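Chemist: Next comes the sequence, and after it the predicted model I'd like to discuss.
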Amino acid sequence: MRTHEVPEAIRARCGGRHGDLGLLIALAWRDASSEASVDQQQSIGVRWQYSAKFLCSGPGWLPLDGAGVVPAEYKTAVNIHNISQSPVTFAKKGTIANVEGEAQGSISPRRAVTLPADGAVEVDCADIRSLLPEDMDLTPNGFLVIESPVRLDVVAVYTSLHKQIETRHKLTVRAQWKGEGSWPQPLLDLLSSESWYSIESTESWYSIEYSGWVDTDYIGWVDPTSLVESWVQALVDRGMSPEDAEAMVANVDLEVVDPDLGVGTGVGQSLDVEAISPQAVRYEIPLPAPAQ
């Protein structure tokens, strides 16, 4: 928005002993001139440009295979906030980023958006798609470009929904108590309290099964040594001294009976928020048509 100076002729006519009245008249003239300039604005003097990356999935977009990202469902929402104390009109446009060597991606016409002082707007995947040609299947990968005469707050929010492969380790072991007497109660209490253990007893042998979803890299459950170490730590957590816990578990003889590794799928989600930094520029553009 341009600043309109009060003409010297008006200043002179309103000067002298009527200086206060002159100031009021001058300010009224300036405000009226500013309002007229907003209504009659024919161009935007671009001083700040923001380029927000977008990734989108859904109707109107090609599948993401080969687009440089893993297959998933992606959503982008760009939030724009007018931090000034006056209305501002800026332009937005979309540009598609194709893989190098392919045809140049589409660049949309600009659309004008006007925000009041302290106003905000969100541009999502549907809005970005509406900027671009309707009769083309487009790569869902590119930039939303904001061209503004003043600085804005621009924040991009990215979400994704993707499949994850998980492994389930089912371990069945036979545990025999080698010490004097019967199984110690603290150890039996531990095993019976953990929901992922199921225990069946046959004289001095106990068949102990662990079954649950764990991290793909955590193969230690198939190793009886790691299982025993986990029992020691669990007993310590319950108040037993490390020495007594180690001595108790040392009297357990474990034999792997039926190790089994299963594979399953789950769903992973992610959310990222990024503040978009502006680039200082200086050029004029014709006032675009307003956004629908």
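Modeler: Alright, I've got the coordinates.

Chemist: what stretches of the stretch 101-250 of the chain score poorly on pLDDT?
Modeler: Counting by pLDDT under 70, the stretch 101-250 of the chain shows low-confidence ranges at 135-137, 163-174, 193-225.

Chemist: That one: strands as residue ranges?
Modeler: All strands of the stretch 101-250 of the chain, identified by DSSP state E, counting those that start in this stretch, fall at 111-115, 120-124, 141-148, 153-177, 197-202, 205-214.

Chemist: Direction included, what does the third one pair up with?
Modeler: According to DSSP bridges, strand 141-148 has the following sheet partners: strand 43-55 (antiparallel), strand 88-96 (antiparallel).

Chemist: ranking these by burial, who's on top?
Modeler: Ranked by mean neighbour count, these are led by strand 88-96 with a mean of 22 (mean count of other Cβ atoms under 10 Å). Yep, even glycine has a C-beta here, placed from its N, CA and C like the rest.

Chemist: what's that one in contact with?
Modeler: Contact with strand 88-96 is made by 1, 38, 41, 44, 46, 54, 80, 82, 105-115, 123, 128, 131-132, 138-139, 141-150, 152, 285, 287-288, 291, as judged by Cβ atoms under 8 Å, 6 or more residues apart in numbering.

Chemist: what separates the nearest residue to Val46 once chain neighbours are set aside from Ser192, distance-wise?
Modeler: Leaving aside its sequence neighbours, Val46 sits nearest to Glu147 (Cβ to Cβ, 6 or more residues apart in numbering; 4.4 Å). In this view, Glu147 and Ser192 are 68 Å apart by Cβ to Cβ, to the nearest Å.

Chemist: out of these two, which sits in the busier spot?
Modeler: Between Glu147 and Ser192, counting by other Cβ atoms under 10 Å, Glu147 is the more crowded of the two (21 against 11).

Chemist: so the more buried one makes contact with Gln49?
Modeler: Yes. Using Cβ atoms under 8 Å, Glu147 is in contact with Gln49, at 5.5 Å.

Chemist: quick revisit: would you list the buried entries among the contacts of strand 88-96?
Modeler: For the contacts of strand 88-96, a burial check counting by 16 or more other Cβ atoms under 10 Å picks out 41, 44, 46, 54, 80, 82, 105-106, 108, 110-113, 115, 123, 128, 131-132, 138-139, 141-149, 152, 288, 291.
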